[in-house]
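Undergrad: predicted model follows, preceded by the sequence.
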Amino acid sequence: MQKLKKEKILLAMSGGVDSSVAAYLLLKEGFDIAGVTMNLGISNSSGHTDDARSDVDDSIKDARAVCEKLGIQHYIFDYSKELEENVIKDFVNTYISGQTPNPCIECNKLIKFGLLIEKAVLMGFDYFATGHYASIIVRSGDYFIGKAADSIKDQSYFLYRIRKEKLPFIKFPLSEYKKDEVKKISEEIGMDLHEKKESQEICFIKNKNYHEFIKDRLGRDFGRQGNILDINGKIIGRHKGVAFYTIGQRKGFGISHEKPLYVTSIDIENNEIVVGERSYLAKKGLIAGNLNWFTDEIPDRALAKIRYNHKEVECSIAIMHGFKTGNDINTKEINGNGNDIEPGNFVDDRNDAEDFINSGKKIYVNFSVPQESVTPGQSVVFYDMHDSRILLGGGTIIRGTDL
């Protein structure tokens with residue numbers, strides 16, 4: 001009898017507990033696996049582990065050690081140039097335009113679940129896997145990103161921009177595991193990884209100082225002072241540059257006030273920021289663009305999440321037309337209160353979601369409960385109303401509205 005060929009999986013590995021335990025679980029299930037670590041900061045370091053330079057960083061060394069312990073092959077691929085050109089430049093440009101980027105989402109789309117998964121297919125692997133706390137859900141033959149069993153560690157929010165045609169090739173071995181269970185497994189199998197500190201910072205900013213990083217990248221000081229206004233338009237102070245502030249920020253104004261003040265809006269065109277008490281942070285809706293959908297039809301209602309650590313809230317979704325492209329945050333077609341959004345700016349057509357992605361259209365999202373700190377540059381992500389595990393899609397927030 002002919003022996004069935006094992007399915008091959010290329011697993012992204014950082015040397016941390018999650019990806020290491022994912023490797024162990026896949027081996028235990030009988031898959032033929034290999035590990036791969038992305039070199040995102042060392043030039044000209046690619047190929048098989050044996051060819052890697054001696055100055056590889058700790059994550060590469062740790063991942064290599066885990067692969068050796070498990071007896072699996074380990075690859076290193078250099079995506080430092082791609083990270084610089086496609087993620088870091090976007091991060092810098094978004095920040096200096098007064099918005100707040102999320103580079104992890106871009107990296108997941110363009111590099112980890114873009115270039116790396118395509119590399120896996122070219123190398124003859126059947127699947128690509130990571131240690132993310134997320135799942136793949138198949139409903140009526142269609143594939144969706146889904147939440148993980150561990151609601152606290154769930155990372156589906158960061159994965160909404162993966163192209164849906166990639167989903168059948170993706171596996172998330174930790175989808176049914178809680179973080180405590182993963183740590184326990186690492187102890188039981190002698191990985192000695194349970195005490196390894198988890199990274200909470202952006203991988204390419206080692207000193208944790210965004211402004212110094214951006215200054216170094218630009219080769220100049222990018223701060224330009226301007227006025228700080230209260231919600232009535234009165235000048236109450238001076239700011240050091242709009243890129244140093246984000247919606248919802250509470251500190252850094254140098255203003256004495258009887259109650260805490262927060263950044264409620266940023267006006268790039270006039271180089272001004274507006275601050276107010278916390279009650280002014282709440283927005284009834286938002287406008288979003290740069291969308292990606294896993295569903296074939298754009299939903300008219302969903303559960304919206306505007307930050308990774310925010311709770312989902314029920315919302316309605318309207319497709320917009322006649323909304324100018326370009327730097328929307330600078331334009332005046334929607335004023336600070338959102339009061340000039342009229343019914344004629346919306347269309348009911350739920351046209352093919354793929355065509356919608358390519359058209360550059362935008363959506364208006366109306367929350368059932370106003371949301372605080374709706375931040376341009378961050379992401380709004382939508383989950384199914386009837387099955388909140390299922391991620392339907394998402395987009396980049398252009399601005400909040402008071403409609």
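TA: Looks like it arrived, so ask away. None of these values were measured; they are calculated from a predicted model.

Undergrad: could you pull out the helices in the stretch 151-300 of the chain for me?
TA: Using DSSP state H, counting those that start in this stretch, the helices of the stretch 151-300 of the chain run over residues 179-188, 210-218.

Undergrad: worst average pLDDT in those helices?
TA: Across the helices of the stretch 151-300 of the chain, helix 210-218 has the smallest mean pLDDT, namely a mean of 84.

Undergrad: count of neighbours near S97?
TA: S97: 17 surrounding residues under other CB atoms under 10 Å. C-beta here means a position set from N, CA and C on the backbone, and glycine is covered the same way.

Undergrad: looking at it now. What's its pLDDT?
TA: Per-residue confidence (pLDDT) for S97: 85.

Undergrad: isn't it right next to I268, touching?
TA: Yes: the criterion here is CB atoms under 8 Å, and S97 meets it with I268 at 6.2 Å.

Undergrad: now do the strands in the stretch 51-200 of the chain.
TA: Taking DSSP state E, counting those that start in this stretch as the test, the strands found in the stretch 51-200 of the chain are 73-78, 127-129, 135-139, 142-146, 170-171.

Undergrad: buried sites along the longest one?
TA: Within strand 73-78, the residues that qualify as buried are 74-78, counting by 16 or more other CB atoms under 10 Å.

Undergrad: just send those residues back as a markdown table, with distance to M123 too.
TA: A markdown table is the format used below for the buried residues of strand 73-78 (distance: CB to CB, whole Å):
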| residue | distance to M123 |
| --- | --- |
| H74 | 13 |
| Y75 | 8 |
| I76 | 13 |
| F77 | 10 |
| D78 | 15 |
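
Undergrad: can you give the domain ranges for this structure?
TA: For the chain, the structural domains run 8-188, 224-280, 282-401, going by automatic domain parsing.

Undergrad: confidence-wise, which of the ones you listed is weakest overall?
TA: Lowest mean pLDDT of the domains of the chain: domain 282-401, a mean of 78.

Undergrad: endpoints of that one, how far apart?
TA: Start-to-end span of domain 282-401 (CA to CA, to the nearest Å) is 9 Å.

Undergrad: and stretch 137-150, by the same measure?
TA: 15 Å.

Undergrad: buried ones in that stretch?
TA: 137, 143-148, 150.

Undergrad: next, give me the two most distant ones among those.
TA: Spatial extent of the buried residues of stretch 137-150 (CB to CB) is set by the pair Y143 and D150 at 21.2 Å.

Undergrad: picking up where we left off before, in CSV, list the domains of the chain along with distance to Y210.
TA: Shown next, in CSV, are the domains of the chain (distance: least, CB to CB, whole Å):
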stretch, distance to Y210
domain 8-188, 7
domain 224-280, 9
domain 282-401, 13
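
Undergrad: among the ones you listed, which comes closest to I205?
TA: It is, among the domains of the chain and with distance given as CB to CB, domain 8-188, at 8.9 Å.

Undergrad: C203: which of the domains of the chain is closest?
TA: Closest among these, using CB to CB: domain 8-188, at 6.3 Å.

Undergrad: out of the helices of the stretch 151-300 of the chain, flag the one nearest E85.
TA: helix 210-218 (12.3 Å).

Undergrad: check which helices and strands that closest one sits against.
TA: Packing partners of helix 210-218 (3 or more CB pairs under 8 Å, 6 or more residues apart in numbering; DSSP states H and E): helix 89-96.

Undergrad: now the helix it packs on, how far from the centre of its chain.
TA: Centre-to-centre, helix 89-96 and its host chain are 15 Å apart (CA atoms, centre = their mean, to the nearest Å).

Undergrad: same check, this time on stretch 173-181
TA: Computed by CA atoms, centre = their mean, the separation of stretch 173-181 from the middle of its chain amounts to 21 Å.

Undergrad: got it, and stretch 253-267?
TA: With CA atoms, centre = their mean, you get 28 Å for stretch 253-267.

Undergrad: cool, stretch 156-166 as well?
TA: The answer for stretch 156-166 is 9 Å, by CA atoms, centre = their mean.

Undergrad: where exactly do the strands run in the stretch 301-403 of the chain?
TA: All strands of the stretch 301-403 of the chain, identified by DSSP E, counting those that start in this stretch, fall at 301-305, 313-320, 346-347, 362-371, 379-383, 391-401.

Undergrad: what residue lies at the spatial centre of the protein?
TA: Of all residues in the chain, the one closest to the mean position by CA atoms, centre = their mean is I105, 2.5 Å from it.

Undergrad: distance of that one relative to Y308?
TA: Using CB to CB, to the nearest Å, I105 is found at 10 Å from Y308.

Undergrad: common neighbours of those two, please.
TA: F158 (CB atoms under 8 Å, 6 or more residues apart in numbering).

Undergrad: I205 and I214 touch, don't they?
TA: No: with contacts counted by CB under 8 Å, I205 stays clear of I214, the gap being 9.3 Å.

Undergrad: tell me which of those two has more neighbours.
TA: Shown here are I205 and I214; by other CB under 10 Å, I214 has more neighbours (22 against 15).
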